Each structure stands twice: as C-alpha cells, then as structure tokens.
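K.L.:
mind looking at a prediction? Sequence and model below.
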Amino acid sequence: MTDTLNAAQVDQLMGGLQIIDGDSHFAEPADLWTSRAPASMKDKMPQIKKIEGGSSVSDYGWFIGDDYWTGLGGHTIATGMQKTHGTLCLPYDQIDDSAWSVEGRVRLMDEQGVYAAVLYPNAMGFASNMMLAIPDIEFRHLVQRLYNDALVDYQNQSGGRLLGQAVLPTWDMAATVTEMHRMLDAGITGFTITDKPHLLGQGDLDSEYFAPMWALANESGAVINFHIGSGAPPDIGKTSPMAGTTSDIYWTSFGPQRRMAILATQFYMSNVRIITNLIMSNMFDRYPNVKVVSAESGIGWVPFMLEAAEYQLDEMVTDPAERSLQKNRPTDYFRSNVYVMSWFEKAFVKTLDDVGEDNVMLMTDIPHPTCLYPNTREYFAEVTKGLTEVQRRKLVQDNAARVYGVKLP
C-alpha cells in the first residue's frame, strides 16, 4: 500500500502502461496430469491426496500412486483473494482458485492492473528437479511433457497473458532439444532450468553435454531462466521445506516462521553463483543471442557482484591462456545478456545506473509469502515515482515485453 500517492497520482504515473509481472507462480491444478494423460495411464498420474498424519506445511500433497511425491508449494492468497501472512501454505480448501485457474488468475491480474505474467512452477519446485524422483524414465518423460502441454493451454486460454516457462528433461539432452523445439513451435518463449545440474549428475552448464541446449536457445532467442531455489536434488518423501535444512542457514533456536524468513532472505542472493560463473566465462561469446534471467533474486546484490567480478578478474586472472578465454568484461556480458528483477526492494532504483535500466524487470511472486499483493499497481507507482517516464516504462513493461516476446495491446 502506498503512503504518499493518491489514486489520481497513481494514474498519472502508470496510465497507459501495461504491467508485466516478471515472476509469478501458477499452481498445478488437481487435474493437470489426469485430464491430459492417455486413458490407460490416468490412474498412474500424479494426484493430490490428503497427507496421513498431517504435515508441518500443508494438509495435502502430490502423490504418485500411494507414494508422496511433493508438496503443494506456496499458497498465501485465500478464497476471496485475501492475502494471509505468516504461512507458506494455507489449508487446501482455503486456497483461492486464482492459484490454479486461468479464469481466476486473469481475474486477479485485472484487479491488480497487471496485463501479463510470467509463470513458474509451484509444487514441483522451480525447474524439473522433482521429476528426477520418478525412477521410471519413460513415465518421467510423460509427466514432464504433460506439464508443458498444460503451460501451452494456459497461454492460449489466457490470450497470451499467462507466459509459462517450460521445464526440460535435462537428464536426456536429445530429449531436451526435442522438447525445446516442440515448445517453441507451440509459442512458448522460455525455459526454466536448474542452476546446479552438477548436483544432479549432469555436469556444469558450460560442458559439452549442455552445448545443444545453449545452441538452440542462441538460435531461437529463447530465454533461459534460473529461478532461486531450483538447484537442489529432490529429497524423496519430505513433507516440509524445512526438512533437511542445516543449521548453517539459521539458528536452531528459531521457530518455523523466523526460519522461513531467514531462509528466504538468503535465497534471494543464491543466484550470485550462476550469474558470476556466466559473466566470468566465454558463454556469451559462444552464445551471444541467449537471454538469461535471474528470477526472484532481487537486484541489490548486483552492483557489488559486478564490481567484485571486475576487480577479481584483473587481480586473479593473470595467466594469458585463462585471460584470453573471454573477449569482454564481466559487466559487458551482464548488460548484453542478463536480466534481473525486483519486487519489494524500495531502494532498488538507486542501483539502476550500476545494474542497467535495460536489464531490470518488476515482479510480484504471487501467490507466495513474499508476494506483492494487493495494490501491485500502486506499489510500482510509488517505488518508481522518482524515475523518468522512459525508465518507468522500461521497468514496468518494455524490458519484459522484449525479453519474453509479449505482444502488448
């Protein structure tokens, strides 16, 4: 909620702008897989069931057969589009249909003043990692393809306003390239992948194994998204995001709400690793047309990271063989190929000169605990009121429209 701008002032600043939400999450509806699977496979598909004995996070979860697969993900908008604080997930029967209904989500976006929204997974995590918990490879591929089919349906049903970022079967590179072609042909413009494939036994992202993926992204201009929290291998059978979390993240004396706050605060900066590796490499010499998005990571860390990379390149990389690896400076690569986004950071406008006003998008993170809801339009007006009209237009709509190929009305 804005404290200083009235409705007329908000309209004066935001009038004519089409807000593009650079990061939101669309929950997997209960019939996502069963409604799209062949008749002979429906009973085997992931389904939502009640968790026996309860859970510290949700009363329901996703099961494959009788085996728990994954939780419901973050849900803080209750029926009637009311945001709830202090929880990761509401009871299943209290979650608003805007979480998983195209009609409901478009209704919520209209209420916010948002024209289009980039969608990431919810229950599955933020890439395809949870699918590795499915041991049957053929069945895993089917689950992955049906999820992407749903994204195409959402985009079409919303008239191009819901922009799902497809997941990829990176455990099989030939299948990954095939799926990229299939999704690009269907109108999908981006893909979300893990930033730590080495933890999944797939090697680093600059290895020859991933070269076909990068080559196709380079050829097509597709977006490669790295969403925070998408790096870990699936932890089979856990029913809480706190399970397995070690005390090097937070003090064990803290309660669950404070633990979540500390975990989230550190998550926002977790993409430092992938972005630093990319801009200190020659990846963007090899693939100059690739657009990389650091999703839900904020931007406050970017100026320091860029300054440190520039300094350490000169201080540490003195071997001619290593120095000749890249043609340009880290900041040059960032400005030409990397995009970041902000939502609750009121001070982010102070970093625009260092980050680059052409490299920043705005987001809401709906329906997660940190989401900007309600009053999204008013909030964006408030935080950008000191910018020029051109800068505001870039952050609110133009940068995201260019990156994701959004056709503005």
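P.N.:
Everything's here; your move. Numbering: from 1, shown residues only.
K.L.:
ok, the closest residue to residue 286 other than its chain neighbours - how many residues close by?
P.N.:
The spatially closest residue to residue 286, leaving aside those adjacent along the chain, is residue 214, at 7.2 Å (CB to CB, 6 or more residues apart in numbering). Where you see a C-beta, it was placed from the backbone N, CA and C, and this is true even at glycine. Counted with other CB atoms under 10 Å, the neighbours of residue 214 add up to 16.
K.L.:
give the helix, strand or coil label for residue 214.
P.N.:
helix (DSSP: H, G, I helix; E, B strand; the rest coil).
K.L.:
hmm, residue 216 is touching residue 177, no?
P.N.:
Yes - between residue 216 and residue 177 there is a contact at 5.8 Å, judged by CB atoms under 8 Å.
K.L.:
looking at this structure, which helix or strand does the model trust least?
P.N.:
One helix or strand of the chain scores below all others by mean pLDDT, DSSP states H and E: helix 256-267, with a mean of 87.
K.L.:
so how far is that helix from its chain's centroid?
P.N.:
Centroid displacement of helix 256-267 relative to its chain, using CA atoms, centre = their mean, to the nearest Å, is 18 Å.
K.L.:
could you pull out the helices for the stretch 51-200 of the chain?
P.N.:
Ranges of helices in the stretch 51-200 of the chain, per DSSP state H, counting those that start in this stretch, are 102-112, 137-157, 173-185.
K.L.:
chain center to the last one: distance?
P.N.:
Put simply, helix 173-185 sits 20 Å off its chain's centre (CA atoms, centre = their mean).
K.L.:
what stretches of the protein score poorly on pLDDT?
P.N.:
1-3, 54-56, 235-247 (pLDDT under 70).
K.L.:
tell me how many other residues crowd residue 268.
P.N.:
Around residue 268 there are 20 residues (other CB under 10 Å).
K.L.:
give the contact list for the residue nearest to residue 286.
P.N.:
The contact partners of residue 214, taken as CB atoms under 8 Å, 6 or more residues apart in numbering, are 205, 224, 283, 286, 287, 290.
K.L.:
among those, which two are most distant?
P.N.:
Taking every pair in the contacts of residue 214 and measuring CB to CB, the maximum separation is 13.3 Å, between 224 and 286.
K.L.:
show me which of the two is the more surrounded one.
P.N.:
residue 224 (22 against 13).
K.L.:
now the strands for this structure?
P.N.:
19-25, 47-50, 60-64, 67-70, 77-78, 82-83, 114-120, 162-164, 166-167, 190-192, 223-227, 291-295, 338-342, 360-362 (DSSP state E).
K.L.:
so which of those gets nearest residue 258?
P.N.:
Comparing these by CB to CB, strand 82-83 comes nearest, at 19.7 Å.
K.L.:
residue 195 contacts residue 271, doesn't it?
P.N.:
Yes - counting by CB under 8 Å, residue 195 touches residue 271, with 6.6 Å between them.
K.L.:
who touches both of these two?
P.N.:
Residues touching both residue 195 and residue 271 by CB under 8 Å, 6+ apart: residue 226.
K.L.:
tell me which of these two has more neighbours.
P.N.:
For residue 195 versus residue 271, neighbours defined as other CB under 10 Å are more numerous around residue 271 (27 against 24).
K.L.:
list the buried residues for stretch 165-179?
P.N.:
Neighbour-count burial for stretch 165-179, counted by 16 or more other CB atoms under 10 Å, picks out 165-173, 175-177, 179.
K.L.:
so which of those is the closest to residue 363?
P.N.:
residue 165 (12.7 Å).
K.L.:
which residue packs closest to residue 356, ignoring adjacent ones?
P.N.:
Ranked by CB to CB, 6+ apart and with sequence neighbours excluded, the top spatial neighbour of residue 356 is residue 335, at 5.0 Å.
K.L.:
any idea how far the one you found is from residue 313?
P.N.:
Applying CB to CB, to the nearest Å, the value for residue 335 to residue 313 is 16 Å.
K.L.:
now do the contacts for residue 143.
P.N.:
Contacts of residue 143 by CB under 8 Å, 6+ apart are 33, 45, 46, 131, 134.
K.L.:
quick one: the third one from residue 83, how far?
P.N.:
Read it as residue 46. With distances taken as CB to CB, residue 46 is found 28 Å from residue 83.
K.L.:
just the fourth one next, same as before
P.N.:
Computed as CB to CB, the residue 131 to residue 83 distance reads 30 Å.
K.L.:
which of these two has more neighbours?
P.N.:
Using other CB under 10 Å, the more surrounded residue of residue 131 and residue 83 is residue 131, with 24 against 15.
K.L.:
surely that one is in contact with residue 137?
P.N.:
No - between residue 131 and residue 137 no contact is recorded; they are 10.2 Å apart, counting by CB under 8 Å.
K.L.:
picking that back up, in a markdown table: the strands of the chain, plus distance to residue 156.
P.N.:
Listed next are those as a markdown table, based on distance: least, CB to CB, whole Å:
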| stretch | distance to residue 156 |
| --- | --- |
| strand 19-25 | 18 |
| strand 47-50 | 24 |
| strand 60-64 | 25 |
| strand 67-70 | 26 |
| strand 77-78 | 24 |
| strand 82-83 | 29 |
| strand 114-120 | 13 |
| strand 162-164 | 9 |
| strand 166-167 | 14 |
| strand 190-192 | 16 |
| strand 223-227 | 19 |
| strand 291-295 | 23 |
| strand 338-342 | 25 |
| strand 360-362 | 23 |
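K.L.:
for residue 261, find the nearest of these.
P.N.:
Closest among those, using CB to CB: strand 82-83, at 16.3 Å.
K.L.:
what strands flank the closest one, and is each parallel or antiparallel?
P.N.:
Each strand paired with strand 82-83, and its direction, by DSSP bridges: strand 77-78 (antiparallel).
K.L.:
can you list contacts of the partner strand?
P.N.:
With CB under 8 Å, 6+ apart as the criterion, strand 77-78 contacts 83-84, 90, 94-96, 98-99, 108, 366-367, 371, 373.
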